[in-house]
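**Student:** Prediction below, plus the sequence it came from.
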Amino acid sequence: MIVTLTPNPSLDRTIELAGPLARGDVQRALDAHQEPGGKGVNICRALAASGIESLAILPGDADDPVLLALTAQGIPHLGLPIGATLRSNIAITEPDGTTTKVNEPGPVLTNEQQSALVELVLEKAEGASWLVLAGSLPPGVPDTFYADLTRELKTRFGAAAPKVAIDSSGAPLAAAISAGPDLLKPNADELAELTGISDPDSLEADPHLAARAAQTLITAGVGAVLATLGSQGALLVTAEGYWLATRPPIVAVSTVGAGDSSLAGFLLSDLAGASAPDCLRQAVAHGAAAASLPGSTVPAVTQTDPSAVTVTAFATHPKEDDQ
Ligand SMILES: O=P(O)(O)OC[C@@]1(O)O[C@H](CO)[C@@H](O)[C@@H]1O
């Protein structure tokens, strides 16, 4: 069982343009899609597509469009009523696969609502294999929310605590490191920001540089880092070593949620007892399949091709000459 918490869920609208985005112009859309979203929600959608048992915990009233859509899609979820409408996020996709995303801040979560959400998570996470804490934090929620929850989980369940994976950005992600999560899933931008590297493109261009950056997070107490590097594939960095997974180029249709599908692919492989490199292989296969689908559509494992992914192992401490 995998439990996810998405404190700031969204109704994701994707607008497909027939040509490049023209700022300031009126453009007619080719098509539009709408999905319940937010990172943990997407992970549960991807797990459900592959028949894996999961529970998405999120704030939101039962009649909110996000929760109605989850119910309609048969995605197991638990909403904490907040008396406010969840946010809508917009993605604009161009024919060459370029995606422009505009995310709203989301409704404020009061202190009482935050405490109730934490209690709900602690109750439902008991006995789970993984707890995934995912996405941005809504207004009113302190940056230490994920760190505090991770610590609380360890205090309450000790050695029986579920493994914690965190997929966030900015201050909440930075604050989470000291709580020693089992897995972080940054993309190149997030990894660069976390490790003080000014040029995220340099991490996609040089995965060994990305591995060295991720290694500093392992030294700081993180169990493993799954770093997604866009078309360059992904890295899995642990104290034992690191693996680089690459794949043949794909025609990207929409990259929205591709990282979430990567994490879902990793988790469902881990749940099946796969080795670390095979979990990474499935993560890259899932991410590629998601990027080939419109909007924030998530693939089932049967729509992925892990055999197309090449995984290479490298030494524990990535060195300058691991090129
Ligand atoms: O604003 P956040 O919480 O950082 O990200 C939210 C979001 O962009 O993440 C998902 C894709 O990963 C989308 O479903 C959703 O709109």
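**Tutor:** Yes, it's here.

**Student:** drop to CA atoms for contacts and neighbour counts, all remaining ones
**Tutor:** Will do.

**Student:** Spell out which parts of this structure neighbour the ligand.
**Tutor:** Neighbours of the ligand within the chain, by C-alpha under 6 Å from any ligand atom: 8, 10, 12, 37-39, 89, 103, 135-136, 256-257, 260.

**Student:** What's the PyMOL syntax to select whichever of those are buried?
**Tutor:** Burial among the residues of the chain next to the ligand is assessed by 16 or more other C-alpha atoms under 10 Å; the matching PyMOL selection reads:
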select buried, resi 8+10+12+37+38+39+89+135+136+256+257+260
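
**Student:** closest to Ala227 among the residues of the chain next to the ligand?
**Tutor:** In terms of C-alpha to C-alpha, no member of the residues of the chain next to the ligand lies closer to Ala227 than Asp260, at 11.8 Å.

**Student:** do you know how far that closest one is from Ala161?
**Tutor:** 23 Å (C-alpha to C-alpha, to the nearest Å).

**Student:** Looking at the residues of the chain next to the ligand, which are in strands?
**Tutor:** If you go by DSSP state E, the residues of the chain next to the ligand have 10, 12, 37, 89 in strands.

**Student:** Farthest pair within those residues?
**Tutor:** Comparing every pair within those by C-alpha to C-alpha identifies Gly37 and Asn89 as the most remote, at 8.6 Å.

**Student:** what touches both of these two?
**Tutor:** Here Gly37 and Asn89 have 10-12 as joint contacts, going by C-alpha atoms under 8 Å, 6 or more residues apart in numbering.

**Student:** just to revisit the earlier point, nearest to Leu70 among the ones in strands among the residues of the chain next to the ligand?
**Tutor:** The shortest approach to Leu70 among those belongs to Gly37, at 9.3 Å (C-alpha to C-alpha).

**Student:** Surely Leu209 is in contact with Pro200?
**Tutor:** No: counting by C-alpha atoms under 8 Å, Leu209 does not reach Pro200; the two are 10.5 Å apart.

**Student:** which residue ranges form the strands in the stretch 51-200 of the chain?
**Tutor:** 54-59, 77-80, 87-93, 99-102, 130-134, 163-167, 183-184 (DSSP state E, counting those that start in this stretch).
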